[in-house]
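**Student:** Here is my input, please return the structure:
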Amino acid sequence: MRIIDRYVAGTVLRHFAYALAGLLAVFAVLNLTEELRSAGRPGWGVGQALGFVVLTLPREAYDLFPAAALLGAVLAFGRLAGDHEIVALHAAGVSRLRLILGALLAAGVLAIVGVGLGETVAAPLHQWAHAQRALAYSGGRALSTPAGLWLREGARFVNVGALRPDGSLDELYLFDFDERRRLARVVHARSAAPADGAWRLEDVRESVFDEDASESRAIATVPWTTGIDAGQVRSLWLEPRDLSLAELYRTIGVLRARGQSPLAHEVALWRRVSAPLYMGVMVLLAVPMVLGGGRAARLGERVMLGALAGIGFRMLQELFTNLGLVAGLPALLTAFGPALLALAAVGALFRWQRVP
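**Tutor:** Presented below is the predicted three-dimensional model:
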């Protein structure tokens, strides 16, 4: 039976590669089209936009793994059914459950590969690509990092700790240096909100340094004028899903220590952890789509249905995540909710199609 398991798993993995290549080509074209809209900015031409898309392809591939797993399993089972290999295997005493276990073996391999790709390749390259784009967009005055956004305005350096969904900022630090490059002033603001084309710093604590002493004072609100607006900050910001598992875990601890909500980062963390479950569910979903009723008729329609279901499931994940963040749902529910819904759909299809 191990030979059968390896054969089925190898077939699923091979067709997964075909499906991933096709989906990745489509999304790469869409991403390049989006980036080319900004290609006219100084320091950001067609070559830079193309390089950005190439560097972010591993992250895009990682996001497409569940959809490609579903489509690859549909293609694999469709080929086995179309070549009458499933009939031959049944005649040899191989149950349909054994075929499913072979496909789940492929899902396990994909989960391991996906974790390795996401942590060692996708996250670092994605962050580096965003850092380069931030530098280009801002003329060398901004840098995106896992620790937040850094801005430079003459002799002032600004660190933005967090970006709220409404576009306001949290945990700002402004560092002013004198002509001798010595730290002269530090301003810490709990938050900053857009106000009349500028920003309004709130709950501010200012420290001024000279050669002999320092002076500190608390201020309720302070206006802050900068060349970076809310839209630019959002375009330069690294999203929680752009971080690695270690960075997400560390950021969650920092946010909790500051008394801020780590919900977005917790959701991103649990979505990363739940990736193996999503792989298995997607592979299981392919079984009733192709083998239900024991027929391989209208296989082309089922392949198209598999592609639409895979892409639709990715959209459902994003929609469920946004709804969970807005409604403040628990991170575990937000991360695992789409998988549980898909698992329920798999069970219903198995019963309806009478797949043993």
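**Student:** which element is the residue of the chain most remote from its centre on?
**Tutor:** For the chain, the largest distance from the centre (C-alpha atoms, centre = their mean) belongs to Asp212, which lies 49.4 Å off. Using DSSP states H and E, Asp212 sits in no helix or strand.
**Student:** Next, give phi and psi for it.
**Tutor:** Main-chain dihedrals, Asp212, degrees, to the nearest 10: phi -110, psi -30.
**Student:** so how far does stretch 144-157 reach from one end to the other?
**Tutor:** One end of stretch 144-157 sits 13 Å from the other (C-alpha to C-alpha, to the nearest Å).
**Student:** Give me the distance from it to the chain's centre.
**Tutor:** Remark: stretch 144-157 is offset 24 Å from the chain centroid, using C-alpha atoms, centre = their mean, to the nearest Å.
**Student:** Check for me that Ala184 belongs to a strand.
**Tutor:** Yes - under DSSP: H, G, I helix; E, B strand; the rest coil, Ala184 sits within a strand.
**Student:** ok, back up a step: what about the residue farthest from the centre of the chain, distance to Val187?
**Tutor:** Distance of Asp212 to Val187, given as C-beta to C-beta, to the nearest Å: 21 Å. The C-beta positions use only the backbone N, C-alpha and C, and glycine is treated the same way.
**Student:** which ones are touching the spatially most central residue of the chain?
**Tutor:** Residue closest to the mean C-alpha point of the chain, counted by C-alpha atoms, centre = their mean, is Arg241 at 3.9 Å. Contact partners of Arg241, counting by C-beta atoms under 8 Å, 6 or more residues apart in numbering, are 268, 271.
**Student:** Please, where are all the helices along the stretch 201-350 of the chain?
**Tutor:** Taking DSSP state H, counting those that start in this stretch as the criterion, the stretch 201-350 of the chain carries its helices at 230-236, 245-258, 263-273, 275-291, 299-327, 331-353.
**Student:** which stretch in those helices has the least confidence?
**Tutor:** Mean pLDDT per stretch puts helix 230-236 lowest among the helices of the stretch 201-350 of the chain, at a mean of 75.
**Student:** Using neighbour counts, pick out the buried residues of that one.
**Tutor:** Neighbour-count burial for helix 230-236, counted by 16 or more other C-beta atoms under 10 Å, picks out 230, 232-233, 236.
**Student:** Which of those residues sits closest to Ala49?
**Tutor:** Of all the buried residues of helix 230-236, Ala49 sits closest to Leu236, with 15.5 Å by C-beta to C-beta.
**Student:** Not counting its neighbours along the chain, what's nearest that closest one?
**Tutor:** Excluding its sequence neighbours, the residue lying closest to Leu236 (C-beta to C-beta, 6 or more residues apart in numbering) is Ala134, at 4.3 Å.
**Student:** tell me the mean pLDDT over the helix or strand hosting the one you found?
**Tutor:** Here Ala134, judged by DSSP H and E, is contained in helix 123-137. Here helix 123-137 scores 84 as its mean pLDDT.
**Student:** Can you list the buried residues in that helix?
**Tutor:** Result for helix 123-137 [16+ other C-beta under 10 Å]: buried residues 123, 125-127, 129-137.
**Student:** can you redo those as JSON lines with distance to Ala345?
**Tutor:** Shown next, in JSON lines, are these (distance: C-beta to C-beta, whole Å):
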{"residue": "Ala123", "distance to Ala345": "30"}
{"residue": "Leu125", "distance to Ala345": "34"}
{"residue": "His126", "distance to Ala345": "31"}
{"residue": "Gln127", "distance to Ala345": "35"}
{"residue": "Ala129", "distance to Ala345": "35"}
{"residue": "His130", "distance to Ala345": "35"}
{"residue": "Ala131", "distance to Ala345": "40"}
{"residue": "Gln132", "distance to Ala345": "41"}
{"residue": "Arg133", "distance to Ala345": "38"}
{"residue": "Ala134", "distance to Ala345": "40"}
{"residue": "Leu135", "distance to Ala345": "45"}
{"residue": "Ala136", "distance to Ala345": "44"}
{"residue": "Tyr137", "distance to Ala345": "42"}
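**Student:** between those residues, which is nearest Ile4?
**Tutor:** Ala123 (36.5 Å).
**Student:** quick one, what contacts that closest one?
**Tutor:** Residues near Ala123 by C-beta under 8 Å, 6+ apart: 59, 242-244, 247.
**Student:** Which one of the residues you listed is nearest to Gly197?
**Tutor:** Set against Gly197, the nearest of the contacts of Ala123 by C-beta to C-beta is Asp242 (28.9 Å).
**Student:** since we're on the nearest residue to Phe350 once chain neighbours are set aside, how many residues are nearby?
**Tutor:** Of all residues not flanking Phe350 in the chain, Pro288 sits nearest, at 5.5 Å (C-beta to C-beta, 6+ apart). Other residues within reach of Pro288, judged by other C-beta atoms under 10 Å, total 20.
**Student:** Need phi/psi at Ser38.
**Tutor:** phi -100, psi 10.
**Student:** ok, it to Gln48 distance?
**Tutor:** According to C-beta to C-beta, Ser38 stands 9 Å off from Gln48.
**Student:** Same question for Leu20.
**Tutor:** Distance from Leu20 to Gln48, by C-beta to C-beta: 26 Å.
**Student:** how about the helices in the stretch 51-200 of the chain?
**Tutor:** Under DSSP H, counting those that start in this stretch, the stretch 51-200 of the chain gives helices at 57-82, 85-91, 96-117, 123-137.
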